[in-house]
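**Q** Below is the structure, and that's it, no one-letter string:
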């Protein structure tokens, strides 16, 4: 389904806009379940500065590399560093440390529940979350969390299409000239890229001018 598009002048403004939008949604009602992809500092800083009621928020990860704690390529470290101490307690990390990843993914999925908002990024190859072209995880329809093949040197845990399609809203952050072609294909509904196969009627892309040109 074709997402709506909102264009910001530059990458930092786009990231701030997504952070402020997430905070706005979190303030609007009761308990709020949020899933974050790897987020730039400007997004996280805007989110923290916008008065989120953290006591009502649960924060999940969209995907994570299977690496040991403290590894520099682990997304969790940047997320925790940006959040205030009381908000860190609201984070439910993907269990990439577990010896049995399949079992750990199933257990995490059982605790996931419906997501109110999922923040997504977009790769130049058209992947989102860790739904990479050619990975068997693209065909998973019976699980909310799955284990991928190796990509860029790492296996990963990722939310699957069913999890993304069940979310109440998807908000994409897409920045940089390198993402221009992939964004055009996403907006055209080109199902040859993984990102464009998500059947969720509520999707918004916030892009910078370089990506949207």
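**A** Ah, there it is. Keep in mind that what you see is a predicted model, and the values were worked out from it rather than measured. Residues are numbered from 1 along each chain as shown.
**Q** quick one: residue 101 and residue 66 touch, right?
**A** Yes: between residue 101 and residue 66 there is a contact at 6.7 Å, judged by Cβ atoms under 8 Å. Every C-beta, even on glycine, is put in place using the N, C-alpha and C of the backbone.
**Q** Need the residues touching each of these two.
**A** Common neighbours of residue 101 and residue 66 (criterion: Cβ atoms under 8 Å, 6 or more residues apart in numbering): 147, 155, 157.
**Q** Only the buried members of the residues you listed: can you turn that into a ChimeraX selection?
**A** In ChimeraX syntax, the buried subset of the shared contacts of residue 101 and residue 66 is picked out as below (16 or more other Cβ atoms under 10 Å):
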select :147,155,157
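**Q** Taking the centroid of the protein, which residue is nearest it?
**A** The chain has residue 37 as the residue nearest its centroid, 3.0 Å off, counting by Cα atoms, centre = their mean.
**Q** residues touching that residue, list them.
**A** Contact analysis of residue 37 by Cβ under 8 Å, 6+ apart lists 61, 62, 63, 75, 119, 120, 121, 128, 129.
**Q** Which of those fall in helices?
**A** residue 75 (DSSP state H).
**Q** okay, who's weakest in the contacts of residue 37 by pLDDT?
**A** Minimum pLDDT across these is recorded for residue 75, with 93.
**Q** pretty sure that one is touching residue 64, no?
**A** Yes: contact criterion Cβ under 8 Å: residue 75 and residue 64 qualify, at 5.5 Å.
**Q** so where is this structure shaky, pLDDT-wise?
**A** Low-confidence segments of the chain, defined by pLDDT under 70: none present.
**Q** Could you identify the longest helix within this structure?
**A** Assigned via DSSP H, the chain shows its longest helix as helix 11-27.
**Q** what does that helix contact?
**A** 6, 8, 32, 34, 39-47, 49-53, 56-57, 116-117, 119, 169, 171, 173-176, 204, 206-208, 210.
**Q** What's the ChimeraX line that selects buried ones from those?
**A** One line in ChimeraX is enough to select the buried members of these, burial here meaning 16+ other Cβ under 10 Å:
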select :6,8,32,34,39,40,42,43,44,45,46,47,50,52,57,116,117,119,169,171,173,174,175,206,207,208,210
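**Q** taking the contacts of helix 11-27 one by one, which sit in strands?
**A** 6, 8, 32, 34, 57, 117, 119, 171, 173-174, 204, 206-208 (DSSP state E).
**Q** Could you pull out the buried residues of stretch 182-202?
**A** Neighbour-count burial for stretch 182-202 [16+ other Cβ under 10 Å]: 182, 183, 185, 186, 187, 193, 194, 195, 196, 197, 198, 200.
**Q** again with stretch 137-146
**A** In stretch 137-146, counting by 16+ other Cβ under 10 Å, buried: 137, 138, 140, 143, 144, 145, 146.
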